[in-house]
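Novice: how would this look folded up:
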Amino acid sequence: MTAGDPHSRIPAYPGVERFVDAFDKLVVQPRRSRSRVPVVLLSEPGGGDAGRRIVAGLRSRMRGRSEVLAPHAYIPRIPDGADRPPLELFEHLTLQLAETMPPGTGELRPHSYRLLRSVVTAPAIEGLMERRHAELRNHCYAEHRNWSRTAQSLWWLGGRDQASGGTLLELLWNFIAGPLFQRLPRAVFGWRANRRMLGRARSRSWYAEWVRRQHGSPPTDFFRSALDLVHGEPAQEPERMDRVLMHALLADLDQACRARLLNPWRRRRTSRFVLLFDEAGPADSRSNIFMRELR
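Specialist: Sure thing, here's the model as predicted:
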């Protein structure tokens, strides 16, 4: 990796060359030899700013001179006594990682994170218990249409929200197109969500294992099990929400780096995703909890 902006280079502290060399090797480590997510904490006595200067230098280094060298996100420090609002940390991370994908490596699509974000931000679901999981699926699909052009186009072709009124021809079209362009894509979305979040019998996903540890048995339907995460307000259980969103994001990043024969973009993703925090923050802050979960 080559240095980026010369005005933001890593300070020439004693031993920093060995540190940068080890950092570069971790970022471009071959997939087959990767193990757990490496977490590097820089500490210094007396509250100095050496750690922040190194982080700023690493950030500039990954930007490169002419193009981004590795996908990364930078989280600045927050004032003492404050903490980030719910979801802000994850929104910053996903946005910056998507924006810093190197040229020729395709687009980052955090499907699991977006799905669970839709779950934890869903309004309280009432009504018959046997219908609540379907209502949650419908809510998540509505959120899915906000970023999926294909889903949004199909919904529009099916008559959008199919409000009452209109000409006889419009009503007839909605009657025919609704099941084809709205209900069927929504059912496929639910099937794919189940497959992604639950995995298979012999290789359960992280979410299925997480639910099994809490309830004693693995889930058989994602949306039924996810009803436990719906409280109408994300701030009610911040630690639980942060934990499930963090694991969802890490699963998406891991999936994004796995090569696939028919996906040339993934074959070109040879570097890790790098998260840079200006400081860990207090023990009960979201940044600190996030880094503890990584370890």
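Novice: show me where pLDDT drops low in the stretch 151-295 of the chain?
Specialist: Residues of the stretch 151-295 of the chain that meet the criterion pLDDT under 70 lie in 160-166, 232-237, 259-268, 295.
Novice: for it, what spans make up the strands?
Specialist: Remark: strands assigned in the stretch 151-295 of the chain by DSSP state E, counting those that start in this stretch are 274-277.
Novice: hey, where'd the helices end up in it?
Specialist: Taking DSSP state H, counting those that start in this stretch to define them, one finds helices in the stretch 151-295 of the chain at 168-178, 184-198, 206-215, 222-226, 238-256, 264-267, 286-294.
Novice: give me the contacts around the fourth one.
Specialist: Outside helix 222-226, the residues within contact range by CB atoms under 8 Å, 6 or more residues apart in numbering are 116, 119, 133-134, 136-137, 140, 190, 193-194, 197-198, 207, 211, 215, 219. For the C-beta atoms, the positions are set from N, CA and C on the backbone; glycine is no exception.
Novice: middle-most residue in the protein, spatially?
Specialist: Leu249 (3.2 Å; CA atoms, centre = their mean).
Novice: from Val37, how far off is it?
Specialist: Applying CB to CB, to the nearest Å, the value for Leu249 to Val37 is 11 Å.
Novice: go on, Asn138?
Specialist: 34 Å.
Novice: same thing with Thr167?
Specialist: Counting by CB to CB - Thr167 and Val37 are separated by 57 Å.
Novice: kindly report the same for Leu180.
Specialist: Using CB to CB, Leu180 is found at 43 Å from Val37.
Novice: how many neighbouring residues does the nearest residue to His215 once chain neighbours are set aside have?
Specialist: Nearest non-adjacent residue to His215, counting by CB to CB, 6 or more residues apart in numbering: Ser225, 8.0 Å away. Using other CB atoms under 10 Å, Ser225 has 21 neighbouring residues.
Novice: wait, the residue nearest to the centre of the chain touches Arg114, no?
Specialist: No: taking CB atoms under 8 Å as the definition, Leu249 is not a contact partner of Arg114, at 9.8 Å.
Novice: quick check on the closest residue to Arg272 other than its chain neighbours: phi, psi?
Specialist: Excluding the flanking residues, the one nearest Arg272 by CB to CB, 6+ apart is Val27, at 5.2 Å. Here is the backbone geometry of Val27 (degrees, to the nearest 10): phi -70, psi -40.
Novice: which residues does Gly127 contact?
Specialist: Glu135.
Novice: now it: how far from His133?
Specialist: From Gly127 across to His133, the span is 11 Å (CB to CB).
Novice: again, but for Ala187
Specialist: 13 Å.
Novice: which one of the two has more residues nearby?
Specialist: Set Ala187 next to His133 and count neighbours by other CB under 10 Å: His133 wins out with 18 against 13.
Novice: ok, the more buried one - contacts?
Specialist: 221, 223-224, 226-227.
Novice: minimum distance to Arg18: which of the helices of the stretch 151-295 of the chain has it?
Specialist: Among the helices of the stretch 151-295 of the chain, helix 286-294 comes nearest to Arg18, with 23.0 Å by CB to CB.
Novice: contacts for the closest one?
Specialist: In contact with helix 286-294 (CB under 8 Å, 6+ apart) are residues 37, 39, 41, 75, 78, 83-84, 89, 238-239, 242-243, 246-247, 250, 277, 279-282.
Novice: can you list the buried residues in it?
Specialist: In terms of neighbour count (16 or more other CB atoms under 10 Å), helix 286-294 has its buried residues at 286-291.
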